[in-house]
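J.: just to be clear, the model below is a prediction. Sequence and coordinates:
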Amino acid sequence: MFRLLPRFRTLSIMSGGTPPKRSPLWIGTHSGTFHCDEVVACFMLKQLEEYENAEIFRSRDDKALQEKCDIIVDVGGVYDHAKKLYDHHQRTFKETFSSLRPEVSEDFNVIRLSSAGLVYSHYGERVIQSILQREKGIKLSPENLQLAFIQIYRNFISELDAIDNGVSMFEGAEPIYKISTHLSARIGKLNPSWQETGVDIEDRFRQAMDTAGRELVDNVVEVCCSWIAARDHVREALNNAKSVHPTGEILVLKNFCPWKSHLADLEKEYKVEGVPKLIVFNDGSSWRVAGVPVTPGSFQGRKFLPTPWRGLRDDELSQKAGIKDLIFVHHSGFIGGAKTEDAAMLLAKKSVEWTEEQ
């Protein structure tokens, strides 16, 4: 269960003016209208043991921030990890996820970091482990922590960085990043509108941290407890591919799970890009044979099911294909169904060996 609200209820957020008597630790950010990046940055810092009980001081007064705060995000015009200063607005700032973390792919060298990305780059692994320990009582292995660290940046943090920095989604056919949460827009709507008066903006900031925090925690749990498990199933299927068919073109998933993006990544790791053509799995109701798409989001397949079988069903299909217990082949050929595993395997094997000249 979530245990964020009690923490937020005791959270003191102070805005502007002369800072009060120093508490053990303070997190500083700018006052006024808030944005998703510093909201998420503050939430992530609050997941760390040293900042768990820290209070947040919001101000545009650089001197007050420097005198009061132990760590400052999204304000001050300075990025200096050693001094715990994490602003990204200065013209000299060029850092990306891969420039700060060279071990990750160069694919992450396009989007400049926001304060969320900065904090995540430096503290992300610890944030992930803290959330998992609290929510699930588990700790990831170093290998799986690295996988989760990269994936959470890809499907959560990068969107926030790109939107905060005004990065266009497209420079070509493929998007530079994907909008999967719309969190930036939802956090923006928590700011008082131009018609609202007498609103406690610090209370709204607390609501924003609650909203963003819940979403980040859900994402961490999903990636670490579901996404990684799915990757292991796809890895097993890829390892066993040659025992299914000598060409390695057919994969069998023992447990159905999301597989397309995992397969695309693992093909690069195993240096078999483009080799798998069909994947066999049980969706809970029947066996399926699906074509591997050219890219995870593509409708174009490397090899779909044979043209003469497309759009046929049941006995007509079984007779045409010479395979008992078939159910259907989709009219586009990207997927077919069978009543038994044996029938599905025959459907897959005949399909990879099929030539359009037949």
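T.: Done, it's in. Residues are numbered from 1 along each chain as shown.

J.: please state the offset of stretch 31-48 from the chain centre?
T.: Put simply, stretch 31-48 sits 19 Å off its chain's centre (Cα atoms, centre = their mean, to the nearest Å).

J.: buried residues in it?
T.: For stretch 31-48, a neighbour-count test (16 or more other Cβ atoms under 10 Å) marks 31, 34-48 as buried. From N, CA and C alone the C-beta is placed, and that goes for glycine too.

J.: ditto for stretch 300-317
T.: In stretch 300-317, counting by 16+ other Cβ under 10 Å, buried: G301, R302, F304, L305, P306, W309, R310, L312, L317.

J.: same deal with stretch 108-121?
T.: F108, I111, R112, L113, S114, S115, A116, G117, L118, V119, Y120, S121.

J.: make a markdown table out of those and add distance to M169.
T.: A markdown table is the format used below for those (distance: Cβ to Cβ, whole Å):
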| residue | distance to M169 |
| --- | --- |
| F108 | 15 |
| I111 | 11 |
| R112 | 15 |
| L113 | 17 |
| S114 | 16 |
| S115 | 21 |
| A116 | 18 |
| G117 | 17 |
| L118 | 22 |
| V119 | 23 |
| Y120 | 20 |
| S121 | 22 |
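
J.: and which of the residues you listed is nearest to S59?
T.: S115 (15.3 Å; Cβ to Cβ).

J.: quick check: closest non-adjacent residue to A237.
T.: Leaving aside its chain neighbours, A237 sits nearest to L251 (4.2 Å; criterion: Cβ to Cβ, 6 or more residues apart in numbering).

J.: surely the one you found touches A241?
T.: Yes. Here L251 reaches A241: they are 5.5 Å apart, a contact under Cβ atoms under 8 Å.

J.: which neighbours do these two have in common?
T.: Common neighbours of L251 and A241, using Cβ atoms under 8 Å, 6 or more residues apart in numbering, are P276.

J.: neighbour-wise, which of these two wins?
T.: L251 (26 against 20; other Cβ atoms under 10 Å).

J.: and that one, how far from S59?
T.: Taken as Cβ to Cβ, to the nearest Å, the spacing of L251 relative to S59 amounts to 56 Å.

J.: let me see the contact set for G32.
T.: With Cβ under 8 Å, 6+ apart, G32 has these contacts: R58, R60, I201.
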